[in-house]
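>>> take a look and give me a structure for this.
(chains A and B)
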There are 2 protein chains.
Amino acid sequence: MAFSEDELIARYFAPIAGAAGLGLKDDVARLTPPPGRDLVVTVDALVAGVHFFADDPADLIAAKALRVNLSDLASKGAEPLGFLLTLALPPGVAPEWLAAFAHGLGEDARAYRCPLIGGDTVSTPGPLTLSITALGAVSPGAMPARTGARAGDVIFVSGTIGDAALGLALRLGRGPALAETDRDTLLGRYLKPQPRLGLARALAHAHAAMDVSDGLVGDLAKMLRASGVGGELDLREVPFSSAARAYFALDAGGIEIAATGGDDYEVLAAVPEAEASAFAAVAAAAGVPVRLIGRVSEGVSALRVVGFDGEAVRFARGAYSHF
Amino acid sequence: MAFSEDELIARYFAPIAGAAGLGLKDDVARLTPPPGRDLVVTVDALVAGVHFFADDPADLIAAKALRVNLSDLASKGAEPLGFLLTLALPPGVAPEWLAAFAHGLGEDARAYRCPLIGGDTVSTPGPLTLSITALGAVSPGAMPARTGARAGDVIFVSGTIGDAALGLALRLGRGPALAETDRDTLLGRYLKPQPRLGLARALAHAHAAMDVSDGLVGDLAKMLRASGVGGELDLREVPFSSAARAYFALDAGGIEIAATGGDDYEVLAAVPEAEASAFAAVAAAAGVPVRLIGRVSEGVSALRVVGFDGEAVRFARGAYSHF
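The predicted structure follows:
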């Protein structure tokens, strides 16, 4: 690279930093947390060739890295406060790549009111690797943990499920020949997750919540296991986009991809039945569609998945695993 | 690897996690910040073969990664609250390596009262890469920024300078034949930095502070540049250990290595002259030796370094640069 770490930071990242970042001239960020609120902190690491395609547009790589973390905050009902970025760069990263990366990051930081407040930039002989640590604020006691689902709760999910995984399949040349608009929809959902920050108020009604990043079936099973309960998921109730349904019509194998694939970044919530209508109403008022897709039952048992034909189904793979 | 991400976390990292980590069963950490205090957040990324030797003992790699961040908090007078870890693992990392890594991390987390509260574990085809995000608390307005040095301030540094860089030189087979105890001292300082958390109260007297990670000369020049001032550093006043002096006696080139090498993790502070004795007294009471090594002057100019012979010296390399 033609410039030092300090020049790189000053040129590309200082212009998009928030006040807590101290102009990125310090080794630390300093922020005054909103009084009387709890902090929520999350971190995700992403490796080129593993978590994203190295030749994707740099602005989209940056945006997705930030949004993945914002999705974690969103699933906890937290309001974003800021984020830190680490960037391990292989030799020969072009200035244009960095400029596009910083631009994409800056746009989303502004849009989601989550400023860049710090980070670290190093070189690596390996693939480009980045991590984002995001901080958010939540009212004390209001954060729905992953472990809080109880028997009698109903399961909600936001948005539509499976679009990103189907988009990835298309991208890998594995899907059917879809109409171009459907194809673009699915590809776009893979590249640009929409963190559901609008759900913050609704999630005050939830016992448990998490975002769907590793596949609906596997993530719901994880939530139930972590909560020490069982449950049922009805695929007939799962919200699928018209693009996903078009995929299924040409290739029924798409249903399994959609139900078990990853990268949805929708919110999965276990809500007491008595609060279900309040949850749905507050979510709708915030412009986030949610759908009741299952129920939590007594006792630890495997998640039961009911298929389109009303019969129990078992998928070969439950969820995307990193190893 | 023989286990899933969840198993890896449950087996190695959940046992060393603090309460805010929610058993590492969630995607987030939740903590209640100490009321009325500011948050200080820092992150460092480390790549095997770049920032540490891949074949160093795993517990020392872990300890150093945490201590490097604790040093950033220490230089800001912050009290540690907790940290998050990302770990990108190449194929074939042995369970024994992970066990030793987690053990080293857990020991230091306890010793420094800075619990593990979250993280992310992914796989990489590249070298082992990790990042640690550390959170700390500081009294509002008390944090010395890097940019606050003013003309008339005196420059203090803690501990001794250059041991780690000399240890690295020895490790690379470049140094003279030292007595074994001196050699062990220098090698140990490279592997195990001592974050100067004891300086917190003293730093309330400082205008500016940072930790020395990229070399004393370069880091002081950075602080002065960031503060828009100039200054002088007197090498005759810089605290060198007896091991470092033994190195210099056999190889005078060691002086440049010590003054410009990295990995000291001592604290550099610009203190108003009127507060100098208070700063030194509070530091001494906390058991941290500090030494007055220079002065800040009016106007932006290059840092003037005075050598052992009282003449100005100019080093070929100012500071370790990551690119």
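
>>> the residue nearest to residue A:116 when sequence neighbours are not counted: how many residues sit nearby?
Ranked by Cβ to Cβ, 6 or more residues apart in numbering or on different chains and with sequence neighbours excluded, the top spatial neighbour of residue A:116 is residue A:17, at 4.8 Å. Any C-beta I mention is one placed from the backbone N, CA and C, and that applies to glycine too. Summarising burial for residue A:17: neighbours were counted as other Cβ atoms under 10 Å in any protein chain shown, giving 22.

>>> what's the pLDDT at whatever residue of the stretch 51-200 of chain A ends up closest to chain B?
Here the residue of the stretch 51-200 of chain A nearest chain B is residue A:126; by Cβ to the nearest Cβ that distance is 1.9 Å. Predicted confidence (pLDDT) for residue A:126: 96.

>>> quick check: which ranges of the stretch 1-150 of chain A have low pLDDT?
By pLDDT under 70, the weakly predicted segments of the stretch 1-150 of chain A are A:1-3.

>>> now do the helices in it.
Counting by DSSP state H, counting those that start in this stretch, the stretch 1-150 of chain A has helices at residues A:5-8, A:58-75, A:95-111.

>>> out of the ones you listed, deepest packed?
With neighbours defined by mean count of other Cβ atoms under 10 Å in any protein chain shown, none of the helices of the stretch 1-150 of chain A is more surrounded on average than helix A:58-75, at a mean of 26.

>>> list the helices and strands that helix packs on?
Under the contact definition 3 or more Cβ pairs under 8 Å, 6 or more residues apart in numbering or on different chains; DSSP states H and E, helix A:58-75 sits against strand A:38-47, strand A:79-89, helix A:95-111, strand A:129-138, strand A:208-212, strand A:266-272.

>>> output the longest one as PDB, restricted to C-alpha atoms.
Listed in PDB are the C-alpha atoms of helix A:95-111, where the atom choice follows Å, rounded to 0.1, in the frame of the first residue of the first chain:
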ATOM      1  CA  PRO A  95      -7.200   3.100  -3.000                       C
ATOM      2  CA  GLU A  96     -10.400   2.900  -5.100                       C
ATOM      3  CA  TRP A  97     -11.500  -0.200  -3.100                       C
ATOM      4  CA  LEU A  98     -10.900   1.600   0.200                       C
ATOM      5  CA  ALA A  99     -12.700   4.700  -1.000                       C
ATOM      6  CA  ALA A 100     -15.700   2.600  -2.000                       C
ATOM      7  CA  PHE A 101     -15.600   0.600   1.200                       C
ATOM      8  CA  ALA A 102     -15.500   3.800   3.300                       C
ATOM      9  CA  HIS A 103     -18.200   5.400   1.200                       C
ATOM     10  CA  GLY A 104     -20.600   2.400   1.700                       C
ATOM     11  CA  LEU A 105     -19.800   2.400   5.400                       C
ATOM     12  CA  GLY A 106     -20.400   6.100   5.800                       C
ATOM     13  CA  GLU A 107     -23.700   6.000   4.000                       C
ATOM     14  CA  ASP A 108     -25.100   3.300   6.200                       C
ATOM     15  CA  ALA A 109     -23.500   4.800   9.400                       C
ATOM     16  CA  ARG A 110     -25.500   8.000   8.600                       C
ATOM     17  CA  ALA A 111     -28.700   6.200   7.500                       C
END
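
>>> so which of the helices and strands packed on helix A:58-75 is nearest residue B:133?
Comparison of the helices and strands packed on helix A:58-75 against residue B:133 by Cβ to Cβ identifies strand A:129-138 as nearest, at 4.3 Å.

>>> quick check: the gap between the residue nearest the centre of chain A and chain B.
In chain A, the C-alpha closest to the average C-alpha coordinate belongs to residue A:265, at a distance of 3.2 Å (Cα atoms, centre = their mean). Using Cβ to the nearest Cβ, to the nearest Å, one obtains 11 Å as the distance from residue A:265 to chain B.

>>> please list all residues in contact with that residue.
A:67, A:68, A:71, A:164, A:193, A:194, A:195, A:196, A:211, A:212, A:213 (Cβ atoms under 8 Å, 6 or more residues apart in numbering or on different chains).

>>> rewinding a little: between the helices of the stretch 1-150 of chain A, which one is nearest to residue B:24?
Using Cβ to Cβ as the measure, helix A:58-75 is the one of those that comes nearest residue B:24, at 13.8 Å.

>>> who touches the residue lying closest to residue A:66 once chain neighbours are set aside in this structure?
On the basis of Cβ to Cβ, 6+ apart, the spatially nearest residue to residue A:66 that is not a chain neighbour turns out to be residue A:108, at 5.0 Å. Contact criterion Cβ under 8 Å, 6+ apart gives A:62, A:63, A:66, A:67, A:114 as the residues in contact with residue A:108.

>>> redo these as a markdown table? Include distance to residue B:307.
Output for those, formatted as a markdown table (distance: Cβ to Cβ, whole Å):
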| residue | distance to residue B:307 |
| --- | --- |
| A:62 | 46 |
| A:63 | 51 |
| A:66 | 48 |
| A:67 | 53 |
| A:114 | 48 |
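
>>> check the residues you listed and tell me the two furthest apart.
Across these, the longest distance by Cβ to Cβ is 12.8 Å; it joins A:62 and A:114.

>>> give me the domain ranges for chain A.
With domains defined by automatic domain parsing, chain A comprises A:5-138, A:153-313.

>>> closest one to residue B:86 among the ones you listed?
Shortest distance between residue B:86 and the domains of chain A, using Cβ to Cβ, is found for domain A:5-138: 4.0 Å.

>>> okay, how far is it across the closest one, tip to tip?
35 Å (Cα to Cα, to the nearest Å).

>>> and stretch A:299-314, end to end?
Counting by Cα to Cα, you get 20 Å between the two ends of stretch A:299-314.

>>> what comes up buried for it?
The neighbour-count criterion (16 or more other Cβ atoms under 10 Å in any protein chain shown) identifies A:303, A:304, A:305, A:306, A:307, A:313 as the buried residues of stretch A:299-314.

>>> and which of these is nearest residue B:32?
Nearest to residue B:32 among the buried residues of stretch A:299-314 is residue A:303, at 33.2 Å by Cβ to Cβ.

>>> nearest to chain B: which residue in the stretch 151-300 of chain A?
Taking Cβ to the nearest Cβ, chain B has its nearest neighbour within the stretch 151-300 of chain A at residue A:226, 4.9 Å off.

>>> restrict whatever helix or strand that residue lives in to CA atoms and write it as CSV.
When secondary structure is defined using DSSP states H and E, the element that contains residue A:226 is helix A:216-227. Output of helix A:216-227 as CSV, limited to C-alpha atoms (Å, rounded to 0.1, in the frame of the first residue of the first chain):
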residue,chain,number,x,y,z
LEU,A,216,-34.7,-20.2,10.3
VAL,A,217,-34.9,-23.8,11.3
GLY,A,218,-31.5,-24.0,12.9
ASP,A,219,-31.7,-20.7,14.6
LEU,A,220,-35.2,-21.4,16.1
ALA,A,221,-33.9,-24.8,17.3
LYS,A,222,-31.0,-22.9,18.9
MET,A,223,-33.3,-20.5,20.7
LEU,A,224,-35.5,-23.3,22.0
ARG,A,225,-32.5,-25.4,23.1
ALA,A,226,-30.9,-22.4,24.8
SER,A,227,-34.2,-21.7,26.6
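
>>> quick one: name whatever helix or strand follows that helix.
Towards the C-terminus, the helix or strand next in line after helix A:216-227, according to DSSP H and E, is strand A:230-234.

>>> spell out which residues of the stretch 101-250 of chain A are next to chain B.
For the stretch 101-250 of chain A, the residues in contact with chain B (Cβ under 8 Å from any Cβ of the partner chain) are A:117-127, A:129, A:131, A:133, A:135, A:138, A:140, A:143, A:145-147, A:210-211, A:213, A:222, A:226.

>>> buried ones from these, can you make that a PyMOL selection?
This is the PyMOL syntax for the buried subset of these, where burial follows 16+ other Cβ under 10 Å:
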select buried, chain A and resi 117+118+119+120+121+122+123+124+126+127+129+131+133+135+138+143+145+146+147+210+211+213+222+226
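
>>> next, count neighbours for residue A:297.
Applying the criterion other Cβ under 10 Å, we find 16 residues in the vicinity of residue A:297.
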